[in-house]
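Peer 1: quick one, structure for this:
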Amino acid sequence: MPFLKCLIALLLPLWAATAHAQQPPVSPVPDYVGSATCAGCHRQEADAWRVSHHAQAWMDPGPETVDGDFSDTTFTHKGRTSRFFRKDGDYFIETTDVSESPETFKVIGVDGIAPLQQYLVETAPGRIQSFDVVWDQDKKRWYHLYGDDAAAPGEGFHWTGTYKNWNGRCAECHATGFEKNYDPATRTYHSRQAEIGVGCEACHGPGEAHVSWAKDAEAYSRSPFPGTGPGGLTVGFSDGAPNREIEQCAGCHSRREAFGDGNPLPGTPFHDAYRLSPLREGLYHADGQIQDEVYVYGSFLQSKMYAKGVRCTNCHEPHGGQLRAEGNAACTQCHNTAGNEAFPSLRAGLYDDPSHHFHEAGTPGAQCSSCHMIERVYMGIDGRRDHSFRVPRPDLSDKLGTPNACTDCHADKPASWAAGELARRFPDSRHRGPHFSEVFAPARENPSALAGNLLEIANQTSFPGILRASALDLMMPAATPEIATAAADLIGDPDPLVRAAALALQQRAVPTDRIQRAIPALDDPAKVVRIAAARLFLGAPVAHMPDRLAAKTASATAEWQQSLANKADFPEVHLVIGGTALVLRNPQSALAAFEEAARLDPQLVDAWVMLVRIRMAIGDMAAAQLSLQKALLANPGDPILETYRSELSR
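Peer 2: Coordinates of the predicted model:
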């Protein structure tokens with residue numbers, strides 16, 4: 001069943017009750033003019049930008065951009081060999097790291113500049129994949145991004161697989177004005193962008209109206225673009241609105257699910273464009289420290305710096321991207337004996353001194369970042385720092401096994417030693433004592449036993465919103481109608497992360513309560529909340545809606561439907577569609593969705609399990625057996641799948 005037909009069939013029960021509702025008209029958007037046009041007036045900013053990582057996030061291949069050794073060199077990994085060479089001025093990769101016979105691909109794009117450089121190839125017309133053998137800029141060598149964990153050809157995480165597709169997974173944060181344009185009927189991409197690389201307009205918005213304003217302010221007053229600001233741009237950054245700047249950066253510097261088909265218009269609030277990942281196991285440690293690559297925003301939201309109005313550009317120069325000052329000087333802009341009048345609540349003191357950090361000046365241990373921004377390495381060689389700016393808690397490490405900055409460096413010492421040292425050096429520290437991780441860690445194993453504690457954390461308004469939302473998210477496996485009721489008041493919380501998480505818990509409420517609690521959220525100012533509310537109407541016993549409620553429901557449901565349609569190339573979206581079909585008792589649509597999920601990612605065992613179970617439930621044992629055989633071929637020996645072998649052989 002074609003994707004859109006399947007999606008329409010699933011959501012038709014909601015649309016039938018709301019078919020008369022109309023979407024509000026969309027305001028016209030200015031065109032992109034290109035960074036070269038911006039540079040005509042903003043020369044100093046453009047000069048800084050040209051050498052930045054943003055400008056070099058995606059480049060055309062050529063002698064000035066390709067740093068890897070393409071002089072007929074080879075690299076072999078897990079028995080698969082790749083050869084890098086040039087021909088007629090172009091760059092090519094010949095590789096056996098494919099499903100069948102060796103193939104040769106022309107390099108059509110260059111990704112990044114440091115500490116590594118990756119190369120893009122077209123494996124089918126319009127389909128761009130990022131090759132996993134990359135160039136180490138420091139050691140001047142080829143290496144495989146995933147080492148011993150490298151996926152085999154045919155797997156979803158192989159470089160030819162769905163998760164390494166540039167169009168769907170990467171390009172929107174490496175381009176300006178990007179549109180994915182995936183066609184689910186043909187499974188092809190027709191992507192386009194205003195500019196490769198993160199150009200001026202990626203952050204400031206399309207410049208057509210701004211150029212008109214610059215040429216003639218009076219003429220601009222008659223501009224057809226009512227959504228732009230006084231200077232003709234879709235977003236403006238001011239000292240009084242730090243969150244606008246932070247959210248603009250966060251669009252790419254976060255672990256999140258996008259709702260759109262590419263770049264949202266700059267100035268779009270974060271929660272209208274994305275669903276931020278909570279502090280889940282595998283992404284973050286139980287105390288909120290980074291674990292997987294989570295790209296800054298989720299960490300920064302946990303920090304006191306964010307709570308006090310610190311913004312990205314207080315530390316980072318926005319156009320070149322480098323720190324405002326070298327080393328500890330970046331921190332002592334504020335953390336010094338005089339303080340900083342912009343942040344009056346900050347306690348003045350002597351921080352860049354052995355009396356505070358207890359290390360010899362100039363050594364790694366004396367760096368503020370060593371203690372307060374632990375570093376973790378991703379992509380083999382790329383060190384990323386935790387932006388939660390936390391005080392080391394080796395006492396928690398001793399209890400819970402979480403990492404800490406002290407034993408990151410003093411690897412030969414136990415966490416108990418570090419905890420004792422801090423207790424001795426800072427006997428009156430206010431940074432010891434109860435911590436949310438002492439609830440989160442055991443709750444990850446047994447949320448039912450900690451539901452009351454998690455609810456207390458969710459209701460603690462002094463905690464960061466992402467932490468409170470994560471407490472609600474942890475309760476999901478243990479949710480009951482009683483827990484849903486206890487969390488219901490949080491649907492009106494000031495933080496959209498908390499509101500959306502509280503709505504998700506209402507899936508476990510009795511149907512009448514679920515609908516009543518969802519209604520006020522249908523026109524919430526944040527799309528992430530409206531979509532969460534729309535999902536609660538799925539399968540609800542609603543025979544007729546008043547016109548006003550029907551219009552709200554139709555609008556929120558359309559946003560949800562469009563967000564799913566925009567990710568038709570994502571296997572995880574087809575799991576959602578399959579689950580939706582089951583709620584609506586539509587097994588054929590469910591089968592179609594789970595089939596597509598398994599096709600996109602053959603290692604997605606959940607999809608295979610559902611295919612087997614549905615076919616068993618409808619009595620088609622031959623088809624169930626065939627699905628299981630395919631599943632085991634893609635996932636030999638998987639213990640979950642093996643449990644169905646004996647059941648089907650009875």
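Peer 1: what residues of the lengthiest helix in the chain count as buried?
Peer 2: Secondary structure of the chain per DSSP state H: the longest helix is helix 547-565. Residues of helix 547-565 classed as buried by neighbour count (16 or more other CB atoms under 10 Å): 549-561, 563-565. Bear in mind the C-beta positions are built from the backbone N, C-alpha and C, glycine included.
Peer 1: could you dump that helix to PDB, C-alpha only?
Peer 2: Only the C-alpha atoms of helix 547-565 are listed here, as PDB (Å, rounded to 0.1, in the frame of the first residue of the first chain):
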ATOM      1  CA  ASP A 547     -17.600  22.800  15.100                       C
ATOM      2  CA  ARG A 548     -15.000  24.800  17.000                       C
ATOM      3  CA  LEU A 549     -13.500  21.600  18.600                       C
ATOM      4  CA  ALA A 550     -13.600  19.900  15.200                       C
ATOM      5  CA  ALA A 551     -11.600  22.700  13.600                       C
ATOM      6  CA  LYS A 552      -8.900  22.500  16.400                       C
ATOM      7  CA  THR A 553      -8.700  18.800  16.100                       C
ATOM      8  CA  ALA A 554      -8.400  18.900  12.300                       C
ATOM      9  CA  SER A 555      -5.600  21.500  12.400                       C
ATOM     10  CA  ALA A 556      -3.600  19.600  15.000                       C
ATOM     11  CA  THR A 557      -4.100  16.300  13.300                       C
ATOM     12  CA  ALA A 558      -3.000  17.700   9.900                       C
ATOM     13  CA  GLU A 559       0.200  18.900  11.600                       C
ATOM     14  CA  TRP A 560       0.800  15.400  12.900                       C
ATOM     15  CA  GLN A 561       0.000  13.800   9.600                       C
ATOM     16  CA  GLN A 562       2.300  16.200   7.700                       C
ATOM     17  CA  SER A 563       5.100  15.500  10.200                       C
ATOM     18  CA  LEU A 564       4.800  11.800   9.500                       C
ATOM     19  CA  ALA A 565       4.600  12.300   5.700                       C
END
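Peer 1: just checking, what packs against that helix?
Peer 2: Contacts defined by 3 or more CB pairs under 8 Å, 6 or more residues apart in numbering; DSSP states H and E place helix 547-565 against helix 3-16, helix 527-535, helix 571-583.
Peer 1: picking up where we left off before, now, which of the buried residues of helix 547-565 sits nearest Thr407?
Peer 2: Distance to Thr407, by CB to CB, is smallest for Ser563 among the buried residues of helix 547-565, at 42.4 Å.
Peer 1: neighbours of the residue nearest to that closest one when sequence neighbours are not counted, how many?
Peer 2: In space, Ser563 comes closest to Phe259 once its chain neighbours are excluded; the distance is 4.2 Å by CB to CB, 6 or more residues apart in numbering. By the measure other CB atoms under 10 Å, the count of residues near Phe259 is 22.
Peer 1: what does Lys180 give?
Peer 2: Lys180 has 24 neighbours, counted by other CB under 10 Å.
Peer 1: doesn't Ala565 make contact with it?
Peer 2: No: with contact defined as CB atoms under 8 Å, Lys180 and Ala565 do not form a contacting pair (11.2 Å).
Peer 1: what's Gln588 sitting at in phi/psi?
Peer 2: According to degrees, to the nearest 10, the main-chain angles of Gln588 amount to phi -70, psi -40.
Peer 1: what residues are up against the closest residue to Asp352 other than its chain neighbours?
Peer 2: Counting by CB to CB, 6+ apart, Asp352 lies nearest to Asn328, which is 4.8 Å off, once chain neighbours are set aside. Taking CB atoms under 8 Å, 6 or more residues apart in numbering, we find Asn328 in contact with Asp352, Ala366, Gln367, Cys368.
Peer 1: and those residues, which is closest to Leu582?
Peer 2: Lowest distance from Leu582 to the contacts of Asn328 (CB to CB) belongs to Cys368, with 51.6 Å.
Peer 1: pretty sure the closest one sits against His359.
Peer 2: No: Cys368 is beyond contact range of His359, at 10.9 Å (criterion: CB under 8 Å).
Peer 1: could you look up the SS state of Leu522?
Peer 2: Here Leu522 is helix, with the state taken from DSSP: H, G, I helix; E, B strand; the rest coil.
Peer 1: pLDDT at it, what is it?
Peer 2: The model reports Leu522 with a pLDDT of 97.
Peer 1: circling back: from the chain's centroid, how far away is the longest helix of the chain?
Peer 2: Offset of helix 547-565 from its chain centre (CA atoms, centre = their mean, to the nearest Å): 24 Å.
Peer 1: pLDDT of it, averaged?
Peer 2: In this model, helix 547-565 has a mean pLDDT of 94.
Peer 1: rewinding a little: more neighbours: Cys368 and His359, which one.
Peer 2: Under the neighbour definition other CB under 10 Å, Cys368 and His359 were set side by side, and Cys368 has more, 19 against 15.
Peer 1: can you pull the contacts of the more buried one?
Peer 2: Going by CB under 8 Å, 6+ apart, Cys368 touches Asn328, Cys331, His335, Tyr351, Asp352, His357.
Peer 1: between those residues, which is nearest Val612?
Peer 2: Cys331 (55.6 Å).
Peer 1: report the contact partners of the closest one.
Peer 2: So, once contact is read as CB under 8 Å, 6+ apart, Cys331 ends up touching Tyr351, Asp352, Cys368, Ser369.
Peer 1: how close does it get to Tyr91?
Peer 2: To Tyr91, Cys331 is 42 Å away according to CB to CB, to the nearest Å.
Peer 1: same thing with Ser345?
Peer 2: Ser345 is 54 Å from Tyr91, by CB to CB.
Peer 1: ok, these two, which is more surrounded?
Peer 2: A count of neighbours by other CB under 10 Å puts Tyr91 above the other of Ser345 and Tyr91, at 22 against 9.
Peer 1: just checking, next helix/strand downstream of the helix or strand of the chain at the bottom of the mean pLDDT ranking?
Peer 2: None of the helices or strands of the chain scores lower by mean pLDDT, DSSP states H and E than helix 3-16, at a mean of 55. Per DSSP states H and E, the first helix or strand lying C-terminal to helix 3-16 is helix 35-39.
Peer 1: list the buried ones in that following helix?
Peer 2: Ser35, Thr37, Cys38, Ala39.
Peer 1: ok so, going back, which of the contacts of Cys368 sits closest to Asn165?
Peer 2: Proximity of the contacts of Cys368 to Asn165 (CB to CB) peaks at Cys331, which lies at 39.2 Å.
Peer 1: that closest one and Val310, how far apart?
Peer 2: Distance, Cys331 to Val310, using CB to CB: 11 Å.
Peer 1: likewise for Val605?
Peer 2: From Val605 across to Val310, the span is 43 Å (CB to CB).
Peer 1: neighbour count winner among the two?
Peer 2: Val310 (21 against 17).
Peer 1: that one in helix, strand or coil?
Peer 2: coil.
Peer 1: can you give me the pLDDT of it?
Peer 2: For Val310, the pLDDT comes out at 96.
Peer 1: thought it was touching Glu245?
Peer 2: No: shown here, Val310 and Glu245 do not form a contact pair, counting by CB under 8 Å, at 10.7 Å.
Peer 1: next, the contact list for Asp493, please.
Peer 2: By CB under 8 Å, 6+ apart, Asp493 lies in contact with Gly465, Arg468, Arg499, Ala502.
Peer 1: now, which of these lie within helices?
Peer 2: Among these, DSSP H puts Gly465, Arg468, Arg499, Ala502 in helices.
Peer 1: which residues sit against stretch 421-433?
Peer 2: Contact partners of stretch 421-433, identified using CB under 8 Å, 6+ apart, comprise Phe358, Val391, Pro392, Arg393, Pro394, Asp395, Cys406.
Peer 1: looks to me like the second one is in a strand.
Peer 2: So that's Val391. No: using three-state DSSP, the assignment for Val391 is coil, not a strand.
Peer 1: reduced to three states, what does the residue lying closest to it once chain neighbours are set aside come out as?
Peer 2: Distance criterion CB to CB, 6+ apart; nearest residue to Val391, sequence neighbours excluded, is His431 at 4.3 Å. Classification of His431 by three-state DSSP places it in coil.
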